[in-house]
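A.B. asks: Next one to model:
(chains A, B, C and D)
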Number of protein chains: 2
Amino acid sequence: MSNKNKANITELLRASKLSITDTRVKILELFMNSNGALEHSSFEKLAGQTFDRVTVYRTLQTFLDKGIIHSIPTTDTSIRYALCKSECTEHNHHDHHVHFKCEECGNTICLDDTDVPEIHLPKGYAMHNIDVVVSGVCKQCK
Amino acid sequence: MSNKNKANITELLRASKLSITDTRVKILELFMNSNGALEHSSFEKLAGQTFDRVTVYRTLQTFLDKGIIHSIPTTDTSIRYALCKSECTEHNHHDHHVHFKCEECGNTICLDDTDVPEIHLPKGYAMHNIDVVVSGVCKQCK
DNA sequence: CATTGTTTGCAACTTAGTTGCATAATATGA
DNA sequence: TCATATTATGCAACTAAGTTGCAAACAATG
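C.D. replies: Down below sits the predicted model:
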């Protein structure tokens, strides 16, 4: 991990008015070093380091609340999380990209350049958020 | 539950080459009588009847395998299930409708008439399935 | 209606997620 | 840079979700 990234992390936490703690910095490092969405259990596997389960749950919840990460819905038992783009703030998420889950490697990634298309709901429905999850086979697994 | 529905259920199970058992019939009745997607725990709450947890898990898995129901991804801890339309078969799902989760009542429904739009993935990705989940406020809760 | 094969229920287990509280670490202001 | 107020962490103990193996019960078939 470069010093530049370390500085970014510190800045990111400060911008969200979060105190800078070891756990938070290390979890953010994991996000930055991984090229896919992470599930809770990743934090026990990845890195030699282990974190207390409860701390991981609370840290992820804090990051969600602050708009630092977003959650990706699944039909299996593990919710995945990925870093938000810089345009996201506490009260205004702009994660309007498509998520892709590879059936081969199991990896879930954000397709940042693939926009979620407009969807016209029937009359009477108010839309707050759209989640699009595509499953298939990724570039690497072909 | 009308006799007509009972007959439908029997027929549906027979068409999927599943033996007709009490549990399967009753779980399908619950699906037909509810106007939204059901989560696992619904089957213990709904109806005076209780089913063994393990039986519910296995029944839902069987229905998924046979294309009788489909699962709806969530970012909370409970996967939801809804009946498939008749065009779905064991090896060919056509659930290309949008799912809507109401933030007020918590209900999740299939918007059968709202099609999932075309999505153009980056080069090298093969698409097998698309899940779209919209959250907001439903007609009833406004 | 007896036999075969499938489904169910139970027990016991693993994994996921939550809550309360004491301890430890961070931020801040003198 | 130190003392204090505030916040985060780790532990224990818990609830909820999901799985596996096996014996008993049931459905399909001839």
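A.B. asks: make it CA atoms for all contacts and neighbour counts henceforth
C.D. replies: Will do.
A.B. asks: biggest strand in chain A, by residue count?
C.D. replies: Secondary structure of chain A read by DSSP state E shows that its longest strand is strand A:126-137.
A.B. asks: Could you list the residues in contact with that strand?
C.D. replies: Residues from elsewhere that reach strand A:126-137 (Cα atoms under 8 Å, 6 or more residues apart in numbering or on different chains): A:72-73, A:96-104, A:116, A:121, B:125-138.
A.B. asks: So in that sheet, which strands flank it, and in what orientation?
C.D. replies: strand A:97-102 (parallel), strand B:126-137 (antiparallel) (DSSP bridges).
A.B. asks: The longest one: which residues count as buried?
C.D. replies: For strand B:126-137, the neighbour count (16 or more other Cα atoms under 10 Å in any protein chain shown) marks B:126-127, B:130-137 as buried.
A.B. asks: Can you confirm whether the helix or strand of chain A with the lowest mean pLDDT lies near DNA strand D?
C.D. replies: Within chain A, no helix or strand scores below helix A:42-45, which has a mean of 76 by mean pLDDT, DSSP states H and E. No - taking Cα under 7 Å from any atom of the strand as the criterion, helix A:42-45 and DNA strand D are apart, separated by no less than 11.6 Å.
A.B. asks: what residues does chain A put near chain B?
C.D. replies: Listed as neighbours of chain B in chain A under the rule Cα under 8 Å from any Cα of the partner chain: A:71-79, A:114, A:116-139, A:142.
A.B. asks: list the buried ones in stretch A:68-77?
C.D. replies: A:68-75.
A.B. asks: what's near enough to touch the residue nearest the centre of chain A?
C.D. replies: Most central in chain A under Cα atoms, centre = their mean is A:Ala82, positioned 1.3 Å from the mean C-alpha point. A:Ala82 is in contact with A:31, A:36-38, A:69-72, A:110, counting by Cα under 8 Å, 6+ apart.
A.B. asks: which among the residues you listed are in contact with DNA strand D?
C.D. replies: Checking the contacts of A:Ala82 against DNA strand D (Cα under 7 Å from any atom of the strand), there are no matches.
A.B. asks: Rebuild these as JSON lines, extending it with distance to A:Thr55 and secondary structure.
C.D. replies: Shown next, in JSON lines, are the contacts of A:Ala82 (distance: Cα to Cα, whole Å; DSSP: H, G, I helix; E, B strand; the rest coil):
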{"residue": "A:Phe31", "distance to A:Thr55": "16", "secondary structure": "helix"}
{"residue": "A:Gly36", "distance to A:Thr55": "21", "secondary structure": "coil"}
{"residue": "A:Ala37", "distance to A:Thr55": "19", "secondary structure": "coil"}
{"residue": "A:Leu38", "distance to A:Thr55": "16", "secondary structure": "strand"}
{"residue": "A:Ile69", "distance to A:Thr55": "16", "secondary structure": "strand"}
{"residue": "A:His70", "distance to A:Thr55": "18", "secondary structure": "strand"}
{"residue": "A:Ser71", "distance to A:Thr55": "17", "secondary structure": "strand"}
{"residue": "A:Ile72", "distance to A:Thr55": "20", "secondary structure": "strand"}
{"residue": "A:Cys110", "distance to A:Thr55": "25", "secondary structure": "strand"}
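A.B. asks: of the residues you listed, closest to B:Arg14?
C.D. replies: Using Cα to Cα, A:Ile72 comes nearest to B:Arg14 of the contacts of A:Ala82, at 36.6 Å.
A.B. asks: before we move on, the earlier item: can you name the next helix or strand after the least confident helix or strand of chain A?
C.D. replies: Downstream of helix A:42-45, the first helix or strand assigned by DSSP states H and E is helix A:53-66.
A.B. asks: In contact with A:Leu83, which residues?
C.D. replies: Residues near A:Leu83 by Cα under 8 Å, 6+ apart: A:31-32, A:37, A:68-70.
A.B. asks: Mind doing that once more with 6 Å?
C.D. replies: A:Leu83 makes contact with A:Ile69 under the criterion Cα atoms under 6 Å, 6 or more residues apart in numbering or on different chains.
A.B. asks: Alright, I will stop here.
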